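>>> My questions are about this predicted structure, shown below with the sequence.
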Amino acid sequence: MKNFFIILIMKLLHLALKICGKNGGNILGKIAYDWNPKIFNYFKIDCPIIAVTATNGKTMTNNAIAHIFKTANKKVISNTEGNNMETGILSTILKCCTLTGKIKADYLVFEVDEGYVPVIFKDLKLDTLVILDFFRDQLDRNGEVESLILKIDNFLKTYTGNLVLNNDDPNVARLGKANPNNKNVKYFSVERYDFATDTIKEAGEGKYCPFCSTQLKYEYYQYSHIGKFKCPKCDFGNNKITTLATNIDLKNRTFKVEDTLYNIRFNSIYNIYNFTACICVSSIYNIETSIVQKALSSFILNNGRLEEVEINGTPTIINLAKNPTGANVSLRILNEDDDEKELLFVLNDNIADGFDVSWIWDINFDKLNNVSRIVTSGKRAYDIAIRIKTSGFDASKIEPYLSLEEAVNSFYSTDVKKYVIANYTSLQPTRKEIFKHK
Amino acid sequence: MKELKILYLYPDLLELYGDYGNIQVLRYRLEKRGYKAIIDRYCINDNAPDFKSYDLVFAGGGADNEQNILSEDLLQYKDNIKEAINSGVFFLLICGAYQLFGKYYKGVEGNIVPGLNIFDYYTEAITDRKKRCIGNIVIEANLNGKQTKVIGFENHGGQTFDITNSFGKVLFGNGNKFGDSEEGFMQDNVIATYLHGPLLSKNPEVTDYIIKYCLDRKYNEDIRLDELDDEFENNCRKQLLEKFIN
């Protein structure tokens, strides 16, 4: 009865927020969870729950899976706005369930914060878990990557649902061995792309085999520590691949899985990984290939995740970067483009970003390709300016501004092609400032 | 061309908080003044380095579970390192490396990781894993008689005891222990500290202190370093010092 009333009150609150024109974020979930932390048990969910977790790429992959299922005319409930902790997921469920806790949908698709997988799915039965990657991320907030992986490993020891793992990230692939009795582990991989390297180019993790501590051997690195690896001693990494992306052509934005050619709207290697994971999930639920093809060819996210816009005739690419790998893949896209360009880098150190900005020294700013000017801004505009200067980029072509407005005004004083990298709390204010120039 | 030989210890293991930045800043400030920076890296299983043949040895911070592997490897060079320090080679040691040069590091489970025992301090981890000294930090150091504010970021569970001569007095942040008044360890040719950020990026005076020390020692002179354009660094320091200690 208690849960009935909690849901009723949350529904009324949701309605009130809606009337006020507010979305509420995770507030409904927060109140309900504080009221009864066991409320997850109350929901009657008889459709599959699919969850995506990772350091980078959760929002993109979660939204793409939801988009594919919707294209297949399925009813999907998903936290597409990225509220990915227990309260955020609870909010999403509360908005869609009946007063008796029933949920009418074909699929629930959630992106879940890496630290919250064991918390949320203690009480909700998970059908498929997708794990994309683990990178160092806000160490002062999250702690070391290893402790996060061990938490998920512990959760997986008793998990028997589908497990979709990136076989090119040793820290992800190792989780396939967490429960030797789980027969539903599926690995995906991506063939070498044009800008892959023989040695690691950017900061990475997992240099040693987690099972026998031998140094891992890589055939190639796609970006950071993502690439084709194997343990020379115990053969870790040599798994049967369920979904393999081939013929990666970022210029024409296409790739193949088996004989199917996929056209996509993005030109980055990490999105090939995200979409390969989506194709693997789609195959588990028997979604027709032609539908997946159609869905991926129209899928975009207009929220600063590789967002491509024209600002007063100037082509602009905006990308979020919360951690070194996020920034490094953005710079990869920039360096793979031979056109002349200018870069705006906005760096904040608010609580949600982590107070520690030392991670910017793990960004590879060496030999930027045809960049004629760099503007920096955010609360740590000078830190990032020093970082870029020290990498060898001409200091007279770096302009730091603490004021975002001044930074963006100066940035758009020329019509050279623009690349924008912004960290977590600076992304939306930066977009807002940029769109004023539209 | 005058040059400095720098030994970068365990770049593959001690690189958690962008510590490589310290090497980049050293190289930058040397090369801008026309000096050559020779940087050798040493990783486990490489040929034994001769520490005495370097002007500067640098080591950074790493994850807790890497301290053990390192300690074992580092200990085999104890005598050579001691000779190098006694002969005046400069050592810049951050976080985990700072701890390893003391007597020992006692981990969360009570396990003892032996240190080089070159300095008399020792470190014990706080038993509550969730409690760490984390945050921005400002200290006041004495560099050749000049009081200098040093800005960085600390993130350590280890509490370091028995420091005879600290790197600086804490103006903002924790220091060697929770709420301590002293941070790090220093002698003429050693700076050992919890400050990352990386340390040298926001503290050109510390970098230049190290560079001057190494050049003076190597070339037996009292060198005057050329001024560099530190506009970004000065603005950065001004902004952060106002934020943290005013």
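Yep, that arrived. Treat the numbers as computed from the prediction; the structure is a model and nothing was measured. Numbers count the residues shown, from 1 in each chain, chains lettered A, B, ... in the order given.
>>> residues in contact with residue 36?
Picked chain A for this. Shown here is residue A:36, whose contacts under the criterion CB atoms under 8 Å, 6 or more residues apart in numbering or on different chains are A:2-3, A:6. No exception for glycine: its C-beta is placed from N, CA and C like everyone else's.
>>> You answered for a different chain; I wanted chain B.
Residues near residue B:36 by CB under 8 Å, 6+ apart: B:1-4, B:30.
>>> tell me which of those residues is nearest to residue A:56?
The shortest separation between residue A:56 and any of those is 35.3 Å, and it belongs to residue B:30 (by CB to CB).
>>> wait, the closest one sits on residue B:38?
No - using CB atoms under 8 Å, residue B:30 makes no contact with residue B:38, being 9.8 Å away.
>>> Compare these two (neighbour count), which wins?
Here residue B:30 and residue B:38 are compared on neighbour count by other CB atoms under 10 Å in any protein chain shown; more neighbours surround residue B:30, at 22 against 13.
>>> Mind listing the shared neighbours of residue B:30 and residue B:38?
With CB under 8 Å, 6+ apart as the test, residue B:30 and residue B:38 both reach residue B:4.
>>> Number of residues surrounding residue B:230?
Other residues near residue B:230 number 15, with proximity taken as other CB under 10 Å.
>>> Could you find the closest non-adjacent residue to it?
With CB to CB, 6 or more residues apart in numbering or on different chains as the criterion, residue B:230 has its nearest non-adjacent residue at 5.2 Å, and that residue is residue B:204.
>>> Quickly note the distance from the one you found to residue A:348.
Separation of residue B:204 from residue A:348 (CB to CB, to the nearest Å) stands at 24 Å.
>>> More neighbours: which of those two?
Per other CB under 10 Å, whichever of residue B:204 and residue A:348 has more neighbours is residue A:348, with 23 against 19.
>>> where does the stretch 51-200 of chain A dip in pLDDT?
Filtered on pLDDT under 70, the stretch 51-200 of chain A yields the residue ranges A:140-142.
>>> Output the set of residues of it in proximity to chain B.
A:136, A:139-140, A:144, A:146 (CB under 8 Å from any CB of the partner chain).
>>> what two of these are the furthest from one another?
When these are compared pair by pair using CB to CB, the maximum separation belongs to A:140 and A:146, at 15.8 Å.
>>> So which of those two has more stuff around it?
Neighbours per residue, other CB under 10 Å: of residue A:140 and residue A:146, the larger number sits with residue A:140, 21 against 17.
>>> Show me where the stretch 51-200 of chain A has its strands.
In the stretch 51-200 of chain A, the segments counted as strands under DSSP state E, counting those that start in this stretch are A:76-78, A:107-111, A:128-131, A:162-166, A:185-190.
>>> how about those in CSV, adding mean neighbour count and distance to residue B:137?
Compiled in CSV, these are given as follows (neighbours: other CB atoms under 10 Å in any protein chain shown; distance: least, CB to CB, whole Å):
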stretch, mean neighbour count, distance to residue B:137
strand A:76-78, 21, 42
strand A:107-111, 26, 35
strand A:128-131, 26, 35
strand A:162-166, 24, 37
strand A:185-190, 23, 42
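>>> Can you tell me which helix or strand of chain B has the lowest average pLDDT?
Taking mean pLDDT, DSSP states H and E as the measure, helix B:64-75 is the helix or strand of chain B with the lowest mean score, a mean of 80.
>>> Please save the CA atoms from that one in PDB.
Coordinates of the C-alpha atoms in helix B:64-75 are reproduced here as PDB (Å, rounded to 0.1, in the frame of the first residue of the first chain):
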ATOM      1  CA  ASP B  64      47.800   1.600  -4.700                       C
ATOM      2  CA  ASN B  65      48.200  -1.900  -6.100                       C
ATOM      3  CA  GLU B  66      51.200  -0.800  -8.200                       C
ATOM      4  CA  GLN B  67      53.300   0.300  -5.100                       C
ATOM      5  CA  ASN B  68      54.100  -3.300  -4.300                       C
ATOM      6  CA  ILE B  69      55.500  -4.200  -7.700                       C
ATOM      7  CA  LEU B  70      57.500  -1.000  -7.800                       C
ATOM      8  CA  SER B  71      58.900  -1.300  -4.300                       C
ATOM      9  CA  GLU B  72      60.500  -4.600  -5.100                       C
ATOM     10  CA  ASP B  73      62.100  -3.300  -8.300                       C
ATOM     11  CA  LEU B  74      63.300   0.000  -6.800                       C
ATOM     12  CA  LEU B  75      64.800  -1.600  -3.700                       C
END
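>>> chain center to that helix: distance?
Taking CA atoms, centre = their mean, to the nearest Å, the mean C-alpha location of helix B:64-75 is offset from the chain mean by 17 Å.
>>> moving C-terminal of that helix, what's the next helix or strand?
If you walk from helix B:64-75 toward the C-terminus, the next helix or strand you reach (DSSP states H and E) is helix B:78-86.
>>> Dump the strands of the stretch 51-200 of chain A to a markdown table, plus distance to residue B:86.
Shown next, in a markdown table, are those (distance: least, CB to CB, whole Å):
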| stretch | distance to residue B:86 |
| --- | --- |
| strand A:76-78 | 65 |
| strand A:107-111 | 56 |
| strand A:128-131 | 51 |
| strand A:162-166 | 50 |
| strand A:185-190 | 53 |
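>>> surely residue A:391 meets residue B:27?
No - using CB under 8 Å, residue A:391 is not in contact with residue B:27, being 10.5 Å away.
>>> so which strand or helix has residue 235?
Reading this off chain A. Under the criterion of DSSP H and E, residue A:235 resides outside all helices and strands.
>>> wait, chain B
Assigned by DSSP H and E, residue B:235 belongs to helix B:231-245.
>>> what residues are up against residue B:112?
For residue B:112, the contacting residues are B:104-106, by CB under 8 Å, 6+ apart.
>>> And for residue A:387?
By CB under 8 Å, 6+ apart, residue A:387 lies in contact with A:360-361, A:363, A:365, B:21, B:201.
>>> three-state assignment of it?
Secondary structure for residue A:387, judged by DSSP: H, G, I helix; E, B strand; the rest coil, is helix.
>>> And residue B:169, by the same measure?
Look at residue B:169: counting by three-state DSSP, its state is strand.
>>> partners of it in the sheet?
With DSSP bridges as the criterion, the beta-bridge partners of residue B:169 are residue B:140, residue B:182.
>>> Can you get me a residue count around it?
Number of residues near residue B:169 (other CB under 10 Å) recorded here: 16.
>>> Run through the residues that contact it.
For residue B:169, the contact set (CB under 8 Å, 6+ apart) comprises B:139-140, B:181-183.
>>> ditto for residue A:96
With CB under 8 Å, 6+ apart as the criterion, the residues that contact residue A:96 are A:77, A:103-105.
>>> Apply 6 Å and report the result again.
Counting by CB atoms under 6 Å, 6 or more residues apart in numbering or on different chains, residue A:96 touches residue A:77.
>>> and the residue positioned nearest the centre of chain B, what element?
Here the mean C-alpha position of chain B is nearest to the C-alpha of residue B:93 (CA atoms, centre = their mean), at a distance of 3.0 Å. Residue B:93 is located in strand B:90-94, with elements delineated by DSSP H and E.
>>> That strand near chain A anywhere?
No - contact between strand B:90-94 and chain A, assessed by CB under 6 Å from any CB of the partner chain, is absent, since the two come no nearer than 10.6 Å.
>>> Give me the distance from the helix or strand following that strand to the chain's centre.
Towards the C-terminus, the helix or strand next in line after strand B:90-94, according to DSSP H and E, is helix B:96-100. Centroid separation for helix B:96-100 versus its chain: 9 Å, with CA atoms, centre = their mean.
>>> do the same with stretch A:10-30
The chain centroid and the centroid of stretch A:10-30 are separated by 26 Å under CA atoms, centre = their mean.
>>> repeat for stretch A:400-407
Using CA atoms, centre = their mean, the mean C-alpha position of stretch A:400-407 is found 28 Å from that of the whole chain.
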